[in-house]
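Peer 1: Sequence unavailable; structure follows:
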């Protein structure tokens, strides 16, 4: 359970306008960089850092050097490494009591006008890309004119950047200062920046910044069609626009060692590889409280694995220095029992996810779509689940039975919504299913659909580790006459099926339940239960599937439209709370268990990993722990 510290810390962070100023520094740097300076391959550290670098207060001032050993699951596992080092203009960082606060990233200051329609940002003086090229508002202007407004690269502007249907606008003041303007008040803009930055088309998504000096060679505003076609051929993609995006070979840091970045590390050996390697960025903009340029760790290596048993063996053999990704709760006892053998300990966080069943409301199976549209059918699915059993068996008893609703400690937590339709009542579920017209059964006791077929739900999961939970769910559903067939597929296919509207139901970690307005799109249907509906909403009907005129998802969208243009935080929060209530009480996503323990494997020679923090996509998962200040004994 989370305390109310999350609420107070977030509230404090939202109103801050921070100007970082430092005393005269005597900067220090990694010995491997000092060697390059001595050899004439790099300028001195004080010339590589901004005039007043951002200060990241390390839990403990660390030592330079070493290689951080992790594991990854292949090219599709790009988000795990990305969250180690994403940069935002404003970032969620932990408070001393374990809450969350907004702090400046690569900016000297920011301010918001009284009506929350203008947001002014000033870049750090002397900020540089990883290749040493200055990062200025030229890069901001390039992002806005040549990427954000370039419909060849960004065909549709996300609703979170166009409240009220009117996209943000940019005014450049000088080489370091720029103003983002909205037609109407937008009190949630800073929290959205901290989560999603300015969105696609990149992987690490540096807010407002794209390296013009490098990326202009792949942009149709700067080079000819012949040059773009040649670039596409060089990188073996079908068309030049495929070079862009979070999977683009050029703009995804994960794929392109030549891409200039402002992150603490950059890619050296990309996937696919048995070992993906990242190396420190010599121009990283931040220092610790004693003026040591960060990060402390020189390199990160991600070793490829396929089976969970292989990963667990790596943990026990001491091959994992620090990692939470793929550390499974069902193996928690195993991890604890082998701490001494593997020379590690666990630093437990709390998850903001609720593991859930997400029906596809727009499934191509018309009979199933009709059932999903029936509120009694959705309620029957929910109350047919024995959540306590699933928690004990599949989550080692380290989660809690709950609905897909904001977590405790969130400003948007509601105890009644958390427990909506979570009672285990198979008798009532059977009554509801009978009332929905599903009274006929086959010889095995399974209910028959209106077309005479067995009522079967194919549930997709992206990892075999969830087979146990799905088997338990299958037993629960069989008790009420519904056949559940688990389908384990890889993450890339899992995502693709959702994007292509080619699935019936998925097993998902429904997240973003700490600070809901930081990314409301999950609740609005995006990449979830109503993805094609959301596409229709976000494109103003140009694509996707239009929901029925009386569908309550339209009420939910109207709530966000109101929240994103409200003149006060109180008015906006009221609309968000109504949006949350509409989402939960309609039961479009069927929460099972959540607020689970999140164990992080931490080698006993690995330092500055705090326990007790909140793990959520909103705060970029492990990124909340400020990986730049983590270090290894040398």
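Peer 2: Looks like it arrived, so ask away. Nothing here was measured: the structure is a model prediction, and the numbers come from that model. Numbers count the residues shown, from 1 in each chain.
Peer 1: From the contact counts, what lies against the lengthiest helix in the chain?
Peer 2: Identified as the longest helix of the chain according to DSSP state H is helix 569-586. Applying 3 or more Cβ pairs under 8 Å, 6 or more residues apart in numbering; DSSP states H and E, one finds that helix 569-586 contacts helix 415-418, helix 553-563. Glycine gets a C-beta too; all of them are placed from N, C-alpha and C.
Peer 1: please redo it, this time with the cut-off set to 6 Å
Peer 2: When contacts are defined as 3 or more Cβ pairs under 6 Å, 6 or more residues apart in numbering; DSSP states H and E, helix 569-586 sits against helix 553-563.
Peer 1: and the angle from the helix it packs on to helix 569-586?
Peer 2: Angle of helix 553-563 versus helix 569-586, following axes from the mean of the first three to the mean of the last three Cα atoms, to 10 degrees, is 170 degrees.
Peer 1: what about helix 553-563, average pLDDT?
Peer 2: Helix 553-563 carries an average pLDDT of 96.
Peer 1: Repeat that for stretch 401-414.
Peer 2: The average pLDDT for stretch 401-414 rounds to 95.
Peer 1: same deal with stretch 462-471?
Peer 2: Rounded mean pLDDT across stretch 462-471 is 92.
Peer 1: can you give me the end-to-end distance of that stretch?
Peer 2: 15 Å (Cα to Cα, to the nearest Å).
Peer 1: buried sites along it?
Peer 2: By 16 or more other Cβ atoms under 10 Å, the buried positions in stretch 462-471 come out as 462-463, 465-466, 468-470.
Peer 1: ok, now stretch 27-36?
Peer 2: 27-30, 33.
Peer 1: quick one: least confident helix or strand in the protein?
Peer 2: Using mean pLDDT, DSSP states H and E, the weakest-scoring helix or strand in the chain turns out to be helix 5-14, at a mean of 43.
Peer 1: neighbouring contacts of the helix or strand just after that one?
Peer 2: Using DSSP states H and E, the helix or strand that follows helix 5-14 towards the C-terminus is helix 31-38. By Cβ atoms under 6 Å, 6 or more residues apart in numbering, the residues outside helix 31-38 that reach it are 42, 44, 282, 298.
Peer 1: hang on, the third one is in a strand, isn't it?
Peer 2: No - the assignment for residue 282 is coil, going by DSSP: H, G, I helix; E, B strand; the rest coil, so no strand is present there.
Peer 1: Now do the phi/psi pair for it.
Peer 2: For residue 282, the backbone dihedrals are phi -70, psi -10 (criterion: degrees, to the nearest 10).
Peer 1: what are the ranges of the helices in the stretch 401-550 of the chain?
Peer 2: Shown for the stretch 401-550 of the chain, the helices assigned by DSSP state H, counting those that start in this stretch span residues 415-418, 426-435, 467-478, 491-499, 531-538.
Peer 1: Can you tell me which helices and strands the third one packs against?
Peer 2: Read it as helix 467-478. helix 387-394, strand 483-488.
Peer 1: how much does that helix deviate in direction from helix 426-435?
Peer 2: Going by the same axes, to 10 degrees, helix 467-478 is angled at 60 degrees with respect to helix 426-435.
Peer 1: Just want the angle from helix 467-478 to helix 387-394.
Peer 2: 150 degrees.
Peer 1: try the fourth one
Peer 2: Computed with the same axes, to 10 degrees, the direction of helix 491-499 lies at 160 degrees from that of helix 387-394.
Peer 1: Now do the buried residues in helix 491-499.
Peer 2: By 16+ other Cβ under 10 Å, the buried positions in helix 491-499 come out as 491, 494-495, 497-498.
Peer 1: which stretches of the protein aren't confidently modelled?
Peer 2: 1-25 (pLDDT under 70).
Peer 1: quick one: which of the buried residues of stretch 27-36 is nearest to residue 85?
Peer 2: Set against residue 85, the nearest of the buried residues of stretch 27-36 by Cβ to Cβ is residue 30 (15.8 Å).
Peer 1: I'd say that closest one and residue 63 touch.
Peer 2: No - with contact defined as Cβ atoms under 6 Å, residue 30 does not count as touching residue 63 (10.0 Å).
Peer 1: Spell out, range by range, the helices that occur in the stretch 1-150 of the chain.
Peer 2: With helices called from DSSP H, counting those that start in this stretch, the stretch 1-150 of the chain shows them at 5-14, 31-38, 45-48, 79-82, 137-141.
Peer 1: Which residue is the nearest non-sequential neighbour of residue 525?
Peer 2: Setting aside the residues directly before and after it, residue 525 is nearest to residue 534 in space (Cβ to Cβ, 6 or more residues apart in numbering), at 3.8 Å.
Peer 1: and residue 400, bridged to which residues?
Peer 2: Note on residue 400: beta-bridge partners residue 594, judged by DSSP bridges.
Peer 1: returning to that earlier point: contacting residues around the residue nearest to residue 525?
Peer 2: Residue 534 touches 524-526, counting by Cβ under 6 Å, 6+ apart.
Peer 1: Kindly report the same for residue 91.
Peer 2: 103, 105, 194.
Peer 1: same question, residue 289
Peer 2: Counting by Cβ under 6 Å, 6+ apart, residue 289 touches residue 57.
Peer 1: run the last query once more with 7 Å
Peer 2: 55, 57-58, 61 (Cβ atoms under 7 Å, 6 or more residues apart in numbering).
Peer 1: close enough to count as contact, residue 535 and residue 547?
Peer 2: No - using Cβ atoms under 7 Å, residue 535 is not in contact with residue 547, being 11.1 Å away.
Peer 1: ok so, going back, out of the helices of the stretch 401-550 of the chain, the one nearest residue 518 is which?
Peer 2: Using Cβ to Cβ, the helices of the stretch 401-550 of the chain put helix 531-538 closest to residue 518, at 17.1 Å.
Peer 1: orientation of the closest one relative to helix 553-563 in degrees?
Peer 2: Going by the same axes, to 10 degrees, helix 531-538 makes 40 degrees with helix 553-563.
Peer 1: how much distance is there from helix 531-538 to the middle of the chain?
Peer 2: Put simply, helix 531-538 sits 20 Å off its chain's centre (Cα atoms, centre = their mean, to the nearest Å).
Peer 1: re the thing from before, biggest separation within the contacts of helix 31-38, which pair?
Peer 2: 44 and 298, at 18.6 Å, using Cβ to Cβ across those.
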